[in-house]
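A.B. asks: sequence below, structure please.
(2 chains)
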Number of protein chains: 2
Amino acid sequence: MFDAPSDAPVRPRGSQGAVRTAPGGEFDRDTAVRRRADGAWEADLSPGWAIGKALNGGYLLAVVGRALRGALPHPDPFTITAHYLTATTAGSALVRTSPARVGRTVSTASAGLYQTDEHGEEVERIRALATYGDLDALPAEVRTGAEPPAMPPRERCFSATDHPGGATAVPEMAHRLDLRLDPDTIGWALGAPSMRGEMRAWLGLADGREPDPLALLMAVDALPPTAFDLGLTGWVPTVELTVHVRARPAPGPLRVSIVTRNLAGGYLEEDTEVWDTADRLVAQSRQLART
Amino acid sequence: MFDAPSDAPVRPRGSQGAVRTAPGGEFDRDTAVRRRADGAWEADLSPGWAIGKALNGGYLLAVVGRALRGALPHPDPFTITAHYLTATTAGSALVRTSPARVGRTVSTASAGLYQTDEHGEEVERIRALATYGDLDALPAEVRTGAEPPAMPPRERCFSATDHPGGATAVPEMAHRLDLRLDPDTIGWALGAPSMRGEMRAWLGLADGREPDPLALLMAVDALPPTAFDLGLTGWVPTVELTVHVRARPAPGPLRVSIVTRNLAGGYLEEDTEVWDTADRLVAQSRQLART
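C.D. replies: Numbering: from 1, shown residues only, chains lettered A, B, ... in the order given. A predicted model of the protein is given here:
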């Protein structure tokens, strides 16, 4: 059975029933999973979400998140953690899920994403743990002291694909996104990092597909690493990424703000907030990465 | 075999070899685990770490963390996530671990904590996922913008056990700790919460046992909930708790600072920092809790 296929409208699952994803977009096609007879989930991981050779951790989290969505009675990832074991490459992958508890309001399960390596052996790429619920079933009460990030309007930000080196100079994943970087956090691209460890951007999907909870799992990991703004270069592999989805995002571009406060011992944390067009804090995430 | 038993000195594991825990303390005794023939770990959960009827989530994370420490070749939890499924009670428990990958510098495993319920059936209380490494093997480089929390000196803070209602008016766990709450964050105890969602304290173990990485897993969850400072009362059950241990703490009292920015839809996050006497940020954690 298909969960969120790319060629058919998505059925509302588990609640009030707004259609959860606009079908047919690149994100839905590239994160689609198929349930096998044994309950495992097959995925065809797309090279379109690569950063260099490896696939983006947020994209992969969305694939795992979609398999968990199919394996659990609740539709939305309230909190999901992934540990990245080995670099995942484009091509076929298998997600195995292992439910821990299914409750009335939330349910919890582990998952592992596996690929077959060059020696024909199955290798685990990612292990995840998540609790799902129904965002539409939550009370509307909001009592927050959090403020949206101060950012210039979208039209005054820099498109990630407006690179002087042309389209081939940006990661393949950038072409899936409508990413507009805050001028205050792109000094690194001109050899003048701010050294504040910040990264901010307006973010949407390039094909106009509106954000939803699964897309938020990708959004928290879609910006350039804050390490660049701290004067570091090169790959910053994610060891662990935890995302809390706090509300279903309203349509329109997201504002993503990332801050790193503690670079020490060769590791750093990236704290990410995602705000929607209704000025709601729709997701919070933290990742531990190696420099 | 015993891992960190309470009746024998703890062997240095995996690195430079300073003794990692002072043996014989309440924390080491109450978090001790015994490996069974089948590789599962037995624990005797102590009522001494109860908050009301349930055992504290940080204490339980330390028990799970000790089992994982025994199951993996690396000694220190770099990042560990627990999802709390059902309330854990004092008495015997079993921790089953499932390694995902054992690498040169880090290793990753899942774990489940189980108890036998009143019907004699095994029920999973906690599912966890962690990556372990060796803090002593990390480079000394620190490039952080993080500052220790502004707090009055310990002697000007309020001991959690100095309650007008006497010893029985405070949670049992408070007697295991030397907890000195910042006067700025205890207005709630006098019916005047600051509504800032903050909680700060100096924290040590009551018996003088010095902090180590496993004790940090308890420390991040040892203060009263920030929800009290937001004017809420009653239990705030943790759905998920993730802890990053960033450095081995120096001896002496820890400074623990917790902030909640987003209370919405019946959930809130608690962001915790733990600082040691050397002014190093030794742990960061975030939990998702239900109000």
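A.B. asks: tell me where the stretch 1-150 of chain A has helices.
C.D. replies: A:26-31, A:57-71 (DSSP state H, counting those that start in this stretch).
A.B. asks: the residue of the stretch 101-250 of chain A found nearest chain B: neighbour count?
C.D. replies: Chain B sits closest to residue A:138 of the stretch 101-250 of chain A, with a gap of 3.5 Å, by Cβ to the nearest Cβ. The way it works is simple: take the backbone N, C-alpha and C, and place the C-beta from them, glycine included. Around residue A:138 there are 18 other residues, counting by other Cβ atoms under 10 Å in any protein chain shown.
A.B. asks: same question for residue A:37.
C.D. replies: For residue A:37, using other Cβ under 10 Å, the count is 5.
A.B. asks: before we move on, back to that, need the helices of the stretch 1-150 of chain A in a markdown table with mean pLDDT and distance to chain B, can you?
C.D. replies: Converted to a markdown table, the helices of the stretch 1-150 of chain A look like this (pLDDT from 0 to 100; distance: least, Cβ to the nearest Cβ, whole Å):
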| stretch | mean pLDDT | distance to chain B |
| --- | --- | --- |
| helix A:26-31 | 98 | 21 |
| helix A:57-71 | 98 | 12 |
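A.B. asks: now residue A:160: closest residue in space that isn't a chain neighbour?
C.D. replies: With Cβ to Cβ, 6 or more residues apart in numbering or on different chains as the criterion, residue A:160 has its nearest non-adjacent residue at 4.1 Å, and that residue is residue A:179.
A.B. asks: in the sheet, which strands lie alongside the helix or strand containing that neighbour, parallel or antiparallel?
C.D. replies: Using DSSP states H and E, residue A:179 sits within strand A:177-181. Taking DSSP bridges as the criterion, strand A:177-181 forms sheet pairs with strand A:158-159 (antiparallel), strand A:198-205 (antiparallel).
A.B. asks: can I get that strand as CSV, trimmed to CA atoms?
C.D. replies: Extracted in CSV, the C-alpha atoms of strand A:177-181 (Å, rounded to 0.1, in the frame of the first residue of the first chain):
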residue,chain,number,x,y,z
LEU,A,177,14.0,24.4,-2.7
ASP,A,178,13.0,28.1,-2.8
LEU,A,179,15.6,29.2,-0.3
ARG,A,180,16.2,32.9,0.3
LEU,A,181,19.1,33.5,2.7
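A.B. asks: can you give the domain ranges for chain A?
C.D. replies: Per the record, chain A has its domains at A:26-137, A:154-290, by automatic domain parsing.
A.B. asks: still on that earlier bit, what about the residue nearest to residue A:160, neighbour count?
C.D. replies: Neighbours of residue A:179 (other Cβ under 10 Å): 26.
A.B. asks: and it, what does it touch?
C.D. replies: For residue A:179, the contact set (Cβ atoms under 8 Å, 6 or more residues apart in numbering or on different chains) comprises A:159, A:160, A:161, A:201, A:202, A:203, A:222, A:223.
A.B. asks: out of the residues you listed, who's the most crowded?
C.D. replies: Neighbour counts for the contacts of residue A:179, by other Cβ under 10 Å, peak at residue A:201, which reaches 29 neighbours.
A.B. asks: so what pLDDT did the residue nearest to it when sequence neighbours are not counted get?
C.D. replies: Of all residues not flanking residue A:201 in the chain, residue A:181 sits nearest, at 4.8 Å (Cβ to Cβ, 6+ apart). On the pLDDT scale, residue A:181 is placed at 96.
A.B. asks: gap between residue A:181 and residue A:224?
C.D. replies: Here residue A:181 is placed at a distance of 8 Å from residue A:224 (Cβ to Cβ, to the nearest Å).
A.B. asks: which residues do the two both contact?
C.D. replies: residue A:199.
A.B. asks: mind listing what residue A:108 touches?
C.D. replies: Residue A:108 sits next to A:99, A:100, A:101, A:129, A:130, A:131, A:132, B:83, B:85, B:127 when contact means Cβ under 8 Å, 6+ apart.
A.B. asks: if you set the cut-off to 10 Å instead, what comes out?
C.D. replies: Counting by Cβ atoms under 10 Å, 6 or more residues apart in numbering or on different chains, residue A:108 touches A:68, A:72, A:74, A:78-79, A:98-102, A:129-132, B:83-85, B:124, B:126-127, B:239-240.
A.B. asks: just residue A:25 next, same as before
C.D. replies: Contacts of residue A:25 by Cβ under 10 Å, 6+ apart are A:6, A:31, A:176, A:205, A:206, A:207, A:208, A:209, A:210, A:215.
A.B. asks: picking that back up, you'd agree the residue nearest to residue A:201 is up against residue A:159?
C.D. replies: Yes - using Cβ atoms under 10 Å, residue A:181 is in contact with residue A:159, at 7.9 Å.
A.B. asks: want to throw the helices of the stretch 1-150 of chain A into TSV with mean neighbour count?
C.D. replies: TSV is the format used below for these (neighbours: other Cβ atoms under 10 Å in any protein chain shown):
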stretch	mean neighbour count
helix A:26-31	23
helix A:57-71	27
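A.B. asks: leaving out sequence neighbours, find the closest residue to the residue nearest the centre of chain A.
C.D. replies: Compute the mean C-alpha point of chain A, and by Cα atoms, centre = their mean the closest residue is residue A:218, 1.5 Å away. Nearest residue to residue A:218, sequence neighbours excluded (Cβ to Cβ, 6+ apart): residue A:58, at 4.0 Å.
A.B. asks: does that neighbour touch residue A:219 like I think?
C.D. replies: Yes - if you go by Cβ under 10 Å, residue A:58 and residue A:219 touch, sitting 6.8 Å apart.
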